[in-house]
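Novice: Can you look at this prediction? I've put the sequence above it.
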Amino acid sequence: SSQPDQAPDAPLALPGYAHVYSGKVRDLYAPLDDSGAPRDDQLLLVASDRLSAFDFILDSPIPDKGAVLTQLSLWWFEQLVDLVPNHVVSTDVPSAVAGRAVLVNRLKMLPVECVARAYLTGGGLREYVADGQVSGVRLPEGLVDGSRLPEPVFTPSTKAPVGEHDEPMPYADVERELGADLAARARELTVAILKRGNEIAAERGILIADTKVEFGLEGDTLVLADEVLTPDSSRFWPADQWEPGHTQPSFDKEFVREWLISPASGWDKASGEAPPPLPDDVVERTRAKYVEAYERLTGRSFSAG
Ligand code: ATP
Ligand code: MG
């Protein structure tokens, strides 16, 4: 993003696919049909190694991050399958993107980022400090940064275009967009996914503080899409270091954030300029954290390519 000689967003040429869109982290392609036209019912979702921090897409990719996120999402989709159907069609993908791509059903996505919080921090904490509630749900007094909530709370946000912030979305607006019935189903499912996720993660020493999921519709059915319960879509905290009262060590971007705000980076967060490239050891330690999250949760060992 900061270096005009780089084109981090240039999509790959994948024979048999047409590039349709690039998000912050994923590149989307449509498979071509026999006549060479893009199909409108499926997408190839390719996770890149791009990392965002402080709302910038960094110039330094994290090797294997796209594969880790893709494999972790696939594992979670399976764990959650009796709770919610998912968009996965096949992992039979072009070899150029093997391991980090998945063929999915192209859904009509809900225009809402479905967020649930089990612990209080970030934007949820700011709302609570301002007026004792989060997304319209009144919370007990005396909660601090990192406190566990009595029950997970649904805190939806708008889907902002690339480069803009997602804004909190009042539940009444979600109901207006989706109708009361669909809004309630999206809320219940989001909370259920976070709860089930935390039950499973707790056995592996990880707390999932909050998470964002995206749903699409297949007919009347809500289908889980995008990625699920990854370090990019969620806050993972090491359970043995959980200590409410201050910012918790995060599982993934800790080293990146620490280095960026340290004098060593020479970067001024307030300047509005893009951050500098990361040193190799920061990249390597960050890669190791993503791999560790995958290995701890799934109990599998990660093998690249
Ligand atoms: P962020 O995930 O941070 O909110 P983003 O939207 O830029 O930002 P990416 O993960 O880079 O996210 O891009 C993935 C895009 O693909 C998103 O726009 C998401 O809504 C869309 N998407 C995911 N699954 C499906 C699906 N099954 N059908 C249609 N679109 C999908
Ligand atoms: Mg996304």
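Specialist: It's in. Numbering: from 1, shown residues only. Ligands and ions are numbered 1, 2, ... in the order given.

Novice: Only C-alpha atoms from now on, for both contacts and neighbour counts.
Specialist: Noted.

Novice: what are the ranges of the helices in the stretch 201-305 of the chain?
Specialist: Ranges of helices in the stretch 201-305 of the chain, per DSSP state H, counting those that start in this stretch, are 254-261, 280-298.

Novice: of the ones you listed, which approaches ligand 1 most closely?
Specialist: Proximity to ligand 1 (C-alpha to the nearest ligand atom) singles out helix 280-298 among these, at 16.3 Å.

Novice: for the closest one, packing partners?
Specialist: helix 65-79, helix 254-261 (3 or more C-alpha pairs under 8 Å, 6 or more residues apart in numbering; DSSP states H and E).

Novice: which residues sit in contact with the spatially most central residue of the chain?
Specialist: Nearest to the mean C-alpha position of the chain, by C-alpha atoms, centre = their mean, lies residue 233 at 1.9 Å. Counting by C-alpha atoms under 8 Å, 6 or more residues apart in numbering, residue 233 makes contact with 211, 212, 213, 227.

Novice: What's the separation between it and ligand 1?
Specialist: Per C-alpha to the nearest ligand atom, to the nearest Å, residue 233 is found 7 Å from ligand 1.

Novice: Tell me the pLDDT of that residue.
Specialist: Note on residue 233: pLDDT of 94.

Novice: One more: residue 11?
Specialist: For residue 11, the pLDDT comes out at 79.

Novice: which ones are touching it?
Specialist: 19, 22, 27.

Novice: distance of it from residue 21?
Specialist: Residue 11 sits 9 Å away from residue 21, going by C-alpha to C-alpha, to the nearest Å.

Novice: which residues are common contacts for the two?
Specialist: With C-alpha under 8 Å, 6+ apart as the test, residue 11 and residue 21 both reach residue 27.

Novice: how close does the nearest residue to residue 41 once chain neighbours are set aside sit to residue 25?
Specialist: Spatial nearest neighbour of residue 41, chain neighbours left out: residue 106 (5.0 Å); criterion: C-alpha to C-alpha, 6 or more residues apart in numbering. Noted for residue 106: a distance of 18 Å to residue 25, by C-alpha to C-alpha.

Novice: Same check on residue 259?
Specialist: Using C-alpha to C-alpha, residue 259 is found at 21 Å from residue 25.

Novice: do the same with residue 252
Specialist: Distance of residue 252 to residue 25, given as C-alpha to C-alpha: 15 Å.

Novice: Neighbour count: those two, which is higher?
Specialist: Neighbours were counted for residue 252 and for residue 25 using other C-alpha atoms under 10 Å; residue 252 has more, 22 against 16.

Novice: Would you confirm that residue 20 contacts residue 32?
Specialist: No. Assessed by C-alpha atoms under 8 Å, residue 20 is found out of contact with residue 32, at 11.6 Å.

Novice: Between those two, tell me which one has more neighbours.
Specialist: Shown here are residue 20 and residue 32; by other C-alpha under 10 Å, residue 32 has more neighbours (16 against 13).

Novice: near ligand 1, which residues of this structure show up?
Specialist: Proximity of the chain to ligand 1 (C-alpha under 6 Å from any ligand atom) is limited to residues 23-26, 87, 104-107, 109, 162, 225-226.

Novice: burial count for the residue in the stretch 151-300 of the chain that ligand 1 sits nearest to?
Specialist: Nearest residue of the stretch 151-300 of the chain to ligand 1: residue 226, at 3.5 Å (C-alpha to the nearest ligand atom). Residues contacting residue 226 under the criterion other C-alpha under 10 Å number 18.

Novice: Next, count neighbours for residue 151.
Specialist: 12.

Novice: should've said residue 18
Specialist: Counted with other C-alpha under 10 Å, residue 18 comes out at 21.

Novice: Quick check: next helix or strand after the host helix or strand of it?
Specialist: Using DSSP states H and E, residue 18 sits in strand 17-22. Using DSSP H and E, the helix or strand that follows strand 17-22 towards the C-terminus is strand 26-31.

Novice: partners of that next one in the sheet?
Specialist: strand 17-22 (antiparallel), strand 42-47 (antiparallel) (DSSP bridges).

Novice: Just name the most buried of those.
Specialist: Of those, the one with the most neighbours on average (mean count of other C-alpha atoms under 10 Å) is strand 42-47, at a mean of 25.

Novice: For the residue nearest to residue 240 when sequence neighbours are not counted, give me its contacts.
Specialist: Nearest residue to residue 240, sequence neighbours excluded (C-alpha to C-alpha, 6+ apart): residue 205, at 6.9 Å. For residue 205, the contacting residues are 238, 239, 240, 296, by C-alpha under 8 Å, 6+ apart.

Novice: got a pLDDT number for residue 205?
Specialist: Listed pLDDT for residue 205 reads 97.

Novice: Next up, phi/psi of it, please.
Specialist: phi 80, psi 20 (degrees, to the nearest 10).
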